[in-house]
Every structure is written in C-alpha cells, then in structure tokens.
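J.: Just the structure for this:
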Amino acid sequence: MIRLINYAIYSGIIVSSMLVALKFLNYYLTNSMAVYAGCLDSISDFCISICNLILLRITSLKKYVFLKGFDKLISFFALMQVLFIGFMSLNLLIQSVHRIYNPLMIQNVNYGVFIILLSLLIVLILVLFQSYVLKKTKSMIIAADILHYKTDFVTNSSILVGILISHFFEIYWIDGVLSFLCALYLFYMISPLFKLSMFSLLEFGADKDLVDFFYKEMNLDVYLIKKQDIMITICGANKKKLIIFLHSKNFDQINIIKEKLVQYFSSYETGKNQEIVFEIIYC
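T.: Sure, this is the predicted structure:
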C-alpha cells in the first residue's frame, strides 16, 4: 500500500515538473497571460506534491520521533504553500488587468495548442493512474492530489478554448479575462487552506461561559482553585484540541483533577472527537 502511494506521489512530482517546463515554454512562445496563469497553477500542484511527499515521510516517523507539534508542522507547510501561491496569484491579477486594457495578439498559436494538448494528455494519464492507486489504498493524500490535477485539466481546457477564440475571432482581450479569472480561482482555492492552517497554528481562548461550565462541572471550588487560575484554549484545524491550564501548587490535587477530567470527557458525547491535553503550570 505504502509503495503504491509513493509511486503515485512521485509520479505527481514528475508530471507537475514536466507541466511547469512545458507551460513556461508555451508562455515564451505565445506570450499568453492565460498560459502563464496555467503555469502558476502547475507550480502550485508541484508544491503540493512536494509537501505531500515530505508529510508522508514525517508521518512514518511520527510515533517514533515526534512527541508534540506534529499538527503544527503540517499547518506550517500548508501556510507557506498558501503564501507562495497567493503571492504569485496577486502578481498574475495585476498583470491580467494590464493585459485587459492593453490586449496583445497571441503568437505561435499552433505550437501553443500542441503543447496544451500534450499537457492535457499527460494529466489525463496521471489522473487515471492515481485513481487506480486511490481505489487500492483509499489514501486521502492521493485523493487531494487527484482533485488538484482534475482542476488543472479543466483550467488547461479553458485556456485552450480561449486561445482558439482569440486567434479565430480576433478577440484579444479574452486572454486577459481568462488569466484574471484563473487568478481569482487560485485565491478561491487557497482560502480554505489558509483558514485551516491559521486555526491550527493559533490558539484561541475559550469564552467565559465555557470556563464557568468547566469550573462548575469539575467542582473545582472544593480544591480551593479559583476561576482566575483556569485558562482554556482551543486550537487545531477543526478546533478539536482542548488545552486546559491549571495553576496549582498541589501535585496530588492535580492528579485527582486529571482523573476527573478523563472520566468526564470519556462519558461526554463529543469527548471522543477531542484530544485532551493537560499542561500543569506551577506558580
């Protein structure tokens, strides 16, 4: 299973690097902003494939090496990827607006169409292979990769149509419009990933109602613990990690509270979906 996943990821890296080279060549030949937009899309796919490979390697070592911070490492990779693609998309957006107001005729249309058709064929073969791997392994990493390359196929098809319309009907401004739409699509594609990575990297303080509820349910007043000695933070991409800081000098008292917390969350409806992390702060 792991070998198949590795083959699929490596094939994605090879194909995405080939697509980047082909599309840069196509942009050089045609001077089409829409082709340049497709090139940026392939660069994002290449980055995603590299990140998937790194994360797959790290995952295999997780239970042996990493005690803490694994989720944040994944989120950091995702955030760096989002910032990189976002910067390129912003650059594309600016150039697209300039091309709409200053349209240019697309050069070497025959070469451009041939390279796009070759790219579509390569992507189709990759998607078929990765779909086979997904059927065998049910890997979420491969499922995400397939989604990106299916999107790449649709993007390339729309660019091909745009080039043909521009060439045969002499509607030169459509090249700028297509690249503008591709830039907006790239922003749309990275926005959920940006939100998830930020939620995972940052920790949010729980509201007063949750602190009051926790204080009452645990009967912490019996242990002479005050409300101001409790701090609850919520973190994780899906807000499923609850971190509770208890300020206390009595170690035996803390162990009793720990046991009560484990019993409470094991019987609580949504407790099974939450990872409870205890941080003891002596003061």
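J.: Domain map for the protein?
T.: Using automatic domain parsing, the domain ranges for the chain come out as 2-199, 204-281.
J.: where among those is the average confidence lowest?
T.: Among the domains of the chain, domain 204-281 has the lowest mean pLDDT, at a mean of 57.
J.: which of the residues in stretch 9-16 are buried?
T.: Of the residues in stretch 9-16, Ile9, Ser11, Gly12, Ile13, Val15, Ser16 count as buried by neighbour count, 16 or more other CB atoms under 10 Å. No exception for glycine: its C-beta is placed from N, CA and C like everyone else's.
J.: Which positions within the strand or helix carrying Leu181 qualify as buried?
T.: Element membership of Leu181 [criterion: DSSP states H and E] is helix 174-201. With burial defined by 16+ other CB under 10 Å, the residues of helix 174-201 counted as buried are 174-183, 185-187, 189-190, 193-194, 196-197, 199-201.
J.: Could you look up the next helix or strand downstream of the helix or strand harbouring Ile125?
T.: Take DSSP H and E as the rule and Ile125 turns out to sit in helix 109-137. As assigned by DSSP H and E, the chain's next helix or strand after helix 109-137 is helix 140-169.
J.: what about Ile94, how many neighbours?
T.: Ile94 has 12 neighbours, counted by other CB atoms under 10 Å.
J.: how close does it get to Ser16?
T.: 25 Å (CB to CB, to the nearest Å).
J.: same deal with Tyr36?
T.: 16 Å.
J.: Next: Leu79.
T.: 20 Å.
J.: Please give me every residue in contact with the residue nearest to Tyr172 when sequence neighbours are not counted.
T.: Excluding the flanking residues, the one nearest Tyr172 by CB to CB, 6 or more residues apart in numbering is Pro103, at 3.8 Å. The neighbours of Pro103, taking CB atoms under 8 Å, 6 or more residues apart in numbering as the test, are Tyr172, Trp173, Asp175, Gly176.
J.: looking at it, Ile116 is touching Ser158, isn't it?
T.: No: judged on CB atoms under 8 Å, Ile116 makes no contact with Ser158 at a distance of 10.4 Å.
J.: Of those two, which one has the most company?
T.: A direct count of neighbours by other CB under 10 Å for Ile116 and Ser158 places Ile116 higher, at 25 against 17.
J.: From Asp152, how far off is the more buried one?
T.: From Ile116 across to Asp152, the span is 11 Å (CB to CB).
J.: Now for those two: what residues contact both?
T.: Common neighbours of Ile116 and Asp152 (CB under 8 Å, 6+ apart) do not exist.
J.: Would you confirm that Leu19 contacts Ser119?
T.: Yes: Leu19 is within contact range of Ser119, at 5.6 Å (criterion: CB under 8 Å).
J.: Between the two, which is the more surrounded one?
T.: Taking neighbours as other CB under 10 Å, Leu19 and Ser119 compare with Leu19 leading, 26 against 23.
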